[in-house]
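**Q** when you get a sec, could you give me coordinates for this:
(2 chains)
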Amino acid sequence: MKRIVSIALLIAGAALLSGCPKKHNVVEPPTAGTQVPGSSNTTTGTEGASTSGRALGGDAAAAANAMTSGPLAKRIIYFDFDKSEIKPEFADTVSAHARNLTSHPNLKMKLEGNTDERGTREYNIGLGERRAQAVRRALMLQGVAESQLTTVSFGAERPAVEGDDEAAWAQNRRVELVYIQ
Amino acid sequence: MNKRLSCWLPIGLMLISAPAWAELVVEITKGQADAIPIAIVPFSAPEAGSFDVAQLVSDDLARSGRFKATDRRDMIEQPHTGAAISFDDWRRLNNDYMVVGQVQTSSPDHYNITFELYNVLTRQRLLGFQISANKPGLRLASHQVADMVFEKILGIRGAFATRIAYISVIGALPHKDYRLLVADADGENPHVVMESGEPLMSPAWSPDGQKLAYVSFENRLPSVYVQVLKTGERQRVSARAGVNQAPAWSPDGKKLALTLSTRDGNLDIYVLDLATQALTRITDDPGIDTEPQWSKDGQSLYFTSDRAGGPQIYRVGIEASDKPRRLTFQGSYNARPRLSPDESQLAFVTQEDGGYRIATMDLRGHGEAQVLTKGHFDVSPSFAPNGAEIIYASRDRGRGVLALVSADGRVQERLVSSEGELQEPAWAPF
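**A** Presented below is the predicted three-dimensional model:
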């Protein structure tokens, strides 16, 4: 690991040697389509965002309890191969989160779409996005505001489990429901 | 024929990146039966332990599958100049060609590699060259010797002195380390270009070989970056809401074709002007349109679309109102098109017997696909700049490896890394 750090330092350049940050501090583009210079610490890794839920607002404690048990604790929806239809067994999970989001309009959710490893990587990004959109539509049909939802597709890049058999693939074809601030 | 090539080779391709430790090893998995026998005689060296130029030239030529390099133990003598060759002896050992040479040093960090290529049967000198290099440049200079020998004998420009970019994934879930690396075409000399705790994808070389475009999920959202290799300086060129994927450089290096999405998640292909940031939408279809690749004239794009059900390959002109034309009809899955340098062939991923394999299609013919590989997870094809080989990502005993297949399917090789899952190779231009 020492080597990684030295690479990072080399690339970051002398200016950053004194306080090499661990996290990326990439500035969000002010508007879509504007060119933004990238951060210079190009080789340090980002820390993964937490996938556990966090309720905001005055009823945070109550919401937090509801999220660690009961239907709200279920935050993964699994899909069949090459499919983006939500299967009946996940209807309750979707409804529970829809109710939670409609009764807490300040909550926001990121829908992370994923695929199994089969196929080309960029096409799988498309399939993952299609799954995330299927969950987004289902939530919106149950009254969730569009502004509460965002989607991202990781395609096959962030598997939940390793392995190249159907058991592993079935666990990787999923949309993760992530509450964000 | 006595031209002199005298040049100082660059000290390092990227000045401020450091070597990665995971070296790649090449295994030839399927050779060519009619490989040409050639002897690369060990070069005279200025001191013991000097860089073994002849060994690298020999390895390069053997790795191409088109040559069979004579074992050193079978060499009765080791001449260093043409005048010292006993052609009859070399002919009896069934060598068609031979290379002799010398490495000399005039100052501490200045080496001259002199070499000659002979046709053993006709005793004709086909090449006589001298290349100058500093010590770190000796490896690149040796690849250039191999390139010249390859081209002189086969009439095809050698691609040994070129580079590849690829992604390496190290570590176990849930904490994986993603790296974008650049290495020599033989897998040696790998350098980390970018490292992240979130996925890196889809490296694409600028036409001048100076920059890489890629997708990074840092902050858990996809953005497209362009990074200058020499300085490490990078720019985020697309971080729009939704998908930002699949960058492909226009032939003039001024634009990127990208896959972006609308608010409801419809993926289409766009062209981004890097100087003006002007964005032009190229496709508009409710299906997934992605994996663009430019035609050489910059006037059209090849891409994957599932508008007809499963993924198939299409071509569309970049002028508004041009209607995409479907190119693949065999099988239910054809994706990620990549053009050969002379634009005569398209390489892509096809599904066959439940596996994903690399296929090519002659664009001048009737659209019949030739499946080149036999794996189950063969994806991400990329042509060598001379069009002779295709590098792709494969799986070997459960591990991600890079593999090569000659464009005619006759020669196959694997590049095995000592650690990590390797994926998404992209061969640099000359």
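**Q** any stretches of chain B with poor pLDDT?
**A** Along chain B, segments meeting pLDDT under 70 span B:1-24, B:26, B:28.
**Q** would you map the helices across it?
**A** B:53-63, B:87-92, B:138-154 (DSSP state H).
**Q** just give me the neighbour total for residue A:109.
**A** Neighbourhood size, residue A:109 [other Cβ atoms under 10 Å in any protein chain shown]: 22. The C-beta positions use only the backbone N, C-alpha and C, and glycine is treated the same way.
**Q** returning to what we had before: deepest of the helices of chain B, which one?
**A** A comparison of the helices of chain B by mean neighbour count, using mean count of other Cβ atoms under 10 Å in any protein chain shown, puts helix B:53-63 on top with a mean of 23.
**Q** what angle sits between that helix and helix B:138-154?
**A** 50 degrees (axes from the mean of the first three to the mean of the last three Cα atoms, to 10 degrees).
**Q** extract the C-alpha set from helix B:53-63 and format it as PDB.
**A** The C-alpha atoms that make up helix B:53-63 are tabulated as PDB, following Å, rounded to 0.1, in the frame of the first residue of the first chain:
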ATOM      1  CA  VAL B  53      17.800  -6.700 -26.700                       C
ATOM      2  CA  ALA B  54      17.800  -9.900 -28.800                       C
ATOM      3  CA  GLN B  55      15.700 -11.700 -26.200                       C
ATOM      4  CA  LEU B  56      13.000  -9.100 -26.300                       C
ATOM      5  CA  VAL B  57      13.000  -9.000 -30.100                       C
ATOM      6  CA  SER B  58      12.700 -12.800 -30.100                       C
ATOM      7  CA  ASP B  59       9.900 -12.800 -27.600                       C
ATOM      8  CA  ASP B  60       8.000 -10.100 -29.500                       C
ATOM      9  CA  LEU B  61       8.200 -12.000 -32.800                       C
ATOM     10  CA  ALA B  62       7.300 -15.300 -31.200                       C
ATOM     11  CA  ARG B  63       4.400 -13.700 -29.400                       C
END
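**Q** hang on, the earlier thing: now the helices of chain B in TSV, with distance to chain A?
**A** Listed next are the helices of chain B as TSV, based on distance: least, Cβ to the nearest Cβ, whole Å:
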stretch	distance to chain A
helix B:53-63	25
helix B:87-92	46
helix B:138-154	20
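**Q** list the beta-bridge partners for residue B:114.
**A** Judged by DSSP bridges, the bridge partners of residue B:114 are residue B:102, residue B:130.
**Q** re earlier: okay, the helices of chain B in CSV with distance to residue B:187 next?
**A** Output for the helices of chain B, formatted as CSV (distance: least, Cβ to Cβ, whole Å):
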stretch, distance to residue B:187
helix B:53-63, 10
helix B:87-92, 31
helix B:138-154, 12
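**Q** doesn't residue B:97 make contact with residue B:38?
**A** Yes - contact criterion Cβ atoms under 8 Å: residue B:38 and residue B:97 qualify, at 4.4 Å.
**Q** common neighbours of those two, please.
**A** B:149, B:153 (Cβ atoms under 8 Å, 6 or more residues apart in numbering or on different chains).
**Q** the longest helix that chain A contains vs chain B: in contact?
**A** Secondary structure assigned by DSSP H gives helix A:121-141 as the longest helix of chain A. Yes - counting by Cβ under 8 Å from any Cβ of the partner chain, chain B has neighbours in helix A:121-141: A:121-123, A:125-127, A:129-130, A:132-133, A:136.
**Q** buried ones in that helix, by neighbour count?
**A** Using 16 or more other Cβ atoms under 10 Å in any protein chain shown as the test for burial, helix A:121-141 gives A:121-136, A:138-139.
**Q** so for the helix or strand just after it, mean pLDDT?
**A** Following helix A:121-141 in sequence order, the next helix or strand is strand A:149-155 (DSSP states H and E). Strand A:149-155 comes out with an average pLDDT of 97.
**Q** for the helix or strand following strand A:149-155, list the C-alpha coordinates in PDB.
**A** Scanning forward in sequence from strand A:149-155 by DSSP H and E, the next helix or strand is helix A:166-172. What follows is helix A:166-172, C-alpha atoms only, in PDB (Å, rounded to 0.1, in the frame of the first residue of the first chain):
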ATOM      1  CA  GLU A 166     -26.600 -18.400 -11.400                       C
ATOM      2  CA  ALA A 167     -26.600 -18.200  -7.600                       C
ATOM      3  CA  ALA A 168     -24.200 -15.200  -7.700                       C
ATOM      4  CA  TRP A 169     -25.800 -13.700 -10.700                       C
ATOM      5  CA  ALA A 170     -29.300 -13.700  -9.100                       C
ATOM      6  CA  GLN A 171     -28.000 -11.700  -6.200                       C
ATOM      7  CA  ASN A 172     -26.300  -9.200  -8.400                       C
END
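**Q** what pLDDT, on average, does helix A:166-172 get?
**A** Here the average pLDDT along helix A:166-172 is 97.
**Q** buried set for it?
**A** A:169, A:171-172.
**Q** would you turn these into TSV with distance to chain B?
**A** What follows is those, written out as TSV (distance: Cβ to the nearest Cβ, whole Å):
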residue	distance to chain B
A:169	12
A:171	11
A:172	11
